[in-house]
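> Just need the structure, nothing else, for what follows:
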Amino acid sequence: MISEISTEDVPEIRRILAKYKLDNLNRAVLWLSSSACAAFPTCGLAMAESEHYLPVLADKVEKIYEENGLRNNSIVVRMTGFPNGCVRPHVAEVAFVGKAPGSYSMLLGGGYYGQRLNKIHWETVSDPEICTILKPMIKQYALERLKGEHFGDFVIRAGYIAQMTSGKEWYDSTGGEGQYREAAATA
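Have a look, this model is predicted:
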């Protein structure tokens, strides 16, 4: 946080922020609510990239968000290179947990405020599949969401994933319900 700067210093502060790519003012809100653990090469437990891959993925998802008029809508995305739980992926609306280099479990349905656990939607996904899976969900969210409804709440209401109310339900309705479960099973 930068505070107590004089008005005449604002242009210089903005220049310095831009120089070091810390000026996120032109980014979609998605970037502001995404986080990743350090993973490779820092963490000896990491099985997949996280810190270096999330910006690449966030750029792709940001384009999908903008195509659907959601630039100013936040979605909590978290990515970790290992199932240990660094960056709290299990409470994110969308999470990716590393399984092997370039391979992740995709979890959906966590609470926007971290008040609800998410569940595995896809056991194993790689880079090309992630946007293929998210694109129709995000489009449907843009068209059918209720006023003030967050993405994690929407994917539960729409049947992409069953709500997790107890740890005993971790594997119940993994992959969604109804048509979404059938689509996940055939993919």
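> In the protein, which residue is most central in space?
Val77 (2.1 Å; C-alpha atoms, centre = their mean).
> Against Lys135, how distant is that one?
Distance, Val77 to Lys135, by C-beta to C-beta, to the nearest Å: 15 Å. The way it works is simple: take the backbone N, C-alpha and C, and place the C-beta from them, glycine included.
> Could you do Leu57 as well?
13 Å.
> So between those two, which is more surrounded?
Leu57 (20 against 16; other C-beta atoms under 10 Å).
> Next, that one: secondary structure please.
helix (DSSP: H, G, I helix; E, B strand; the rest coil).
> nearest spatial neighbour of it, skipping sequence neighbours?
Ile130 (6.5 Å; C-beta to C-beta, 6 or more residues apart in numbering).
> The closest residue to Asn118 other than its chain neighbours: neighbour count?
Of all residues not flanking Asn118 in the chain, Gly110 sits nearest, at 3.6 Å (C-beta to C-beta, 6+ apart). Applying other C-beta under 10 Å, we find 30 residues neighbouring Gly110.
> And the pLDDT at the residue nearest to Leu57?
Ile130 carries a pLDDT score of 95 in this model.
> Compute the distance between it and Tyr141, please.
In terms of C-beta to C-beta, Ile130 sits 16 Å off from Tyr141.
> Torsion angles phi and psi at the residue nearest to Asn68 when sequence neighbours are not counted?
Leaving out its chain neighbours, the residue that sits closest to Asn68 by C-beta to C-beta, 6+ apart is Ala142, at 3.8 Å. Main-chain dihedrals, Ala142, degrees, to the nearest 10: phi -60, psi -40.
> next one: Ile5
Main-chain dihedrals, Ile5, degrees, to the nearest 10: phi -110, psi 150.
> how near is the residue nearest to Asn118 to Gly98?
For Gly110, the distance to Gly98 - C-beta to C-beta - is 17 Å.
> Spell out, range by range, the strands that occur in the chain.
Taking DSSP state E to define them, one finds strands in the chain at 34-36, 77-80, 94-100, 103-108, 119-125.
> what's the last one packed up against?
Applying 3 or more C-beta pairs under 8 Å, 6 or more residues apart in numbering; DSSP states H and E, one finds that strand 119-125 contacts strand 103-108, helix 127-144.
> mean confidence score for the first one?
Averaged across strand 103-108, the pLDDT comes to 96.
> quick revisit: closest to Asn84 out of the helices and strands packed on strand 119-125?
strand 103-108 (13.0 Å; C-beta to C-beta).
> how many neighbours does the residue nearest to Asn68 have?
Neighbours of Ala142 using other C-beta under 10 Å come to 16.
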